[in-house]
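Chemist: Turn this into a structure:
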Amino acid sequence: MALAWRGTQVGSKRVVLEPTHQPTRPVGSTPAAFEPTCDAKASNIHHYIVLRARCFGVFMAVIDAERSLPISGVVIAKNEADRIERCVRSLLGLCAEVVVLDSGSTDDTVARARAAGARVEHQEWLGFSSQKNVAIARAAQPWVLLLDADEWLVPSGARRVRALFAARPDGNASIERADIWRLRRRTRFLGRSLRHGGWGSEAVERLFRSDCRYLPARVHESLDRRGKRVLRLPARIEHDTARNRAEYETKLDGYAELFARQRHAQGVRGFWIDAWLHAGAYWLKNYWLRGGFLDGRAGAIYHYLHSRYVFRKYRTLWRLRDTPIEP
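Modeler: The predicted model follows:
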């Protein structure tokens, strides 16, 4: 069977080419003996229509894969010029908008975020929970996908999020099964992905309805889950936790101070031995039992710094035992 093309004039200028299937006549046979039947012609037309329909379906699937979803990508940032573009671009195409809430950057964070396609707004620093709540309130879509500036959503993760919005046979999308979705976050440190020690697949609440808010907290903030349905989604976020060891050590020292003052304000009274017990328990659990040692030098440094962080936050809490509680 050979494929030929028949030209059909439309109007005075345009010519439409349409495929016609020409049966190949065996050598020595007469034209009349090999004339295609009506059934053969109908079959050819059927195959042509199916081919066109399949091509159209593939085309529409590609278009649908590029269509943005009713999600606002939300990022809080300050002095993240070297990382903000990677974060914003991982959300573009998936989210209908990307909102970056800047708290007073003195570098090129604002300009680079705008150049990457984000809408940038400003708010003086209010603390982690309050800052994120302000950013969520400025989102225009019914769903929010929140990332830190040092994080990005990998392409496979974006595809999994997109699949949640696809209609199921019952006509509803899977996204409606929960109000809060926990994604998987993998930490990177000193250029290496930490696949063990509890930091290779950490569950973090990042995709949620826009009416959700974070509970008041100075550090380690979490969403208010009261009355909310929470499910997990195996969509991965990469977290480049620090540019170098010194930066991460400074960050953890700040977190330790915030944690201690938060617990002290809640009326928690520390004891001197708590620091040793909690730090030792962290090292045993995460470095040895969870296999943190398998991540080599980067893993050893990372878990040492976290053990130090645990020690310092409980030691600071103990030192605050006689300090008046802040209002």
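
Chemist: Write down the beta-bridge partners of the closest residue in space to K132 that isn't next to it in sequence, one by one.
Modeler: Closest residue in space to K132, ignoring its immediate chain neighbours: Y214 at 5.2 Å, by C-beta to C-beta, 6 or more residues apart in numbering. The way it works is simple: take the backbone N, C-alpha and C, and place the C-beta from them, glycine included. Beta-bridge pairing of Y214 under DSSP bridges involves L223.

Chemist: Under the pLDDT cut-off, which ranges of the stretch 1-150 of the chain? List them.
Modeler: For the stretch 1-150 of the chain, residues meeting the criterion pLDDT under 70 lie at 1-66.

Chemist: all strands for it, in order.
Modeler: 2-10, 14-22, 69-77, 95-102, 119-122, 143-148 (DSSP state E, counting those that start in this stretch).

Chemist: so T109 makes contact with A81?
Modeler: Yes: counting by C-beta atoms under 8 Å, A81 is a contact partner of T109 at 4.7 Å.

Chemist: Between these two, which is the more surrounded one?
Modeler: A direct count of neighbours by other C-beta atoms under 10 Å for T109 and A81 places T109 higher, at 24 against 17.

Chemist: give me every residue that touches that one.
Modeler: A77, K78, N79, E80, A81, I84, V100, D102, A149 (C-beta atoms under 8 Å, 6 or more residues apart in numbering).

Chemist: Now the two most distant members of those.
Modeler: N79 and V100 (12.6 Å; C-beta to C-beta).

Chemist: ok, residues contacting the helix or strand where H278 lies?
Modeler: Per DSSP states H and E, H278 falls inside helix 272-282. Residues outside helix 272-282 that contact it (C-beta under 8 Å, 6+ apart): H303, H306, S307, R308, V310, F311, R312, Y314, R315, L317, W318.

Chemist: how about R297, secondary structure?
Modeler: Using DSSP: H, G, I helix; E, B strand; the rest coil, the structure places R297 in helix.

Chemist: where does it land on pLDDT?
Modeler: According to the prediction, R297 has pLDDT 97.

Chemist: Number of residues surrounding the nearest residue to it once chain neighbours are set aside?
Modeler: Closest residue in space to R297, ignoring its immediate chain neighbours: L190 at 7.8 Å, by C-beta to C-beta, 6+ apart. L190: 17 surrounding residues under other C-beta under 10 Å.

Chemist: Would you mind measuring from L190 to L94?
Modeler: Plainly put, L190 is 29 Å away from L94 if you go by C-beta to C-beta, to the nearest Å.

Chemist: now do Y287
Modeler: Note on Y287: its distance to L94, by C-beta to C-beta, is 36 Å.

Chemist: W125 too?
Modeler: Counting by C-beta to C-beta - W125 and L94 are separated by 28 Å.

Chemist: So which of those two has more stuff around it?
Modeler: The residue with more neighbours, out of W125 and L94, is L94; 22 against 11, by other C-beta under 10 Å.

Chemist: how about low-confidence regions in the stretch 201-327 of the chain?
Modeler: Using pLDDT under 70, the stretch 201-327 of the chain drops low at 327.

Chemist: how is the protein carved up into domains?
Modeler: 2-65, 68-240, 245-319 (automatic domain parsing).

Chemist: Just send those back as CSV, with distance to E326 too.
Modeler: Shown next, in CSV, are those (distance: least, C-beta to C-beta, whole Å):
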stretch, distance to E326
domain 2-65, 51
domain 68-240, 11
domain 245-319, 6
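
Chemist: closest one to I325 among those domains?
Modeler: That would be, of these and by C-beta to C-beta, domain 245-319, which comes in at 5.7 Å.

Chemist: OK, contacts around the spatially most central residue of the chain?
Modeler: Nearest to the geometric centre of the chain sits L153, at 3.4 Å (C-alpha atoms, centre = their mean). Residues near L153 by C-beta under 8 Å, 6+ apart: S90, L91, L94, L145, L147, V161, A235, R236, I237.

Chemist: again, but for W318
Modeler: G270, F271, W272, D274, A275.

Chemist: Drop anything exposed from those.
Modeler: G270, D274, A275 (16 or more other C-beta atoms under 10 Å).

Chemist: Of the residues you listed, which is the nearest to L294?
Modeler: For these, the nearest to L294 is A275 (27.0 Å; C-beta to C-beta).

Chemist: relative to helix 272-282, how tilted is the helix or strand harbouring Y304?
Modeler: Assigned by DSSP H and E, Y304 falls within helix 296-319. Orientation of helix 296-319 against helix 272-282 (axes from the mean of the first three to the mean of the last three C-alpha atoms, to 10 degrees) gives an angle of 160 degrees.

Chemist: where's the residue nearest to R297 relative to W288, distance?
Modeler: Following C-beta to C-beta, the distance that separates L190 from W288 is 20 Å.
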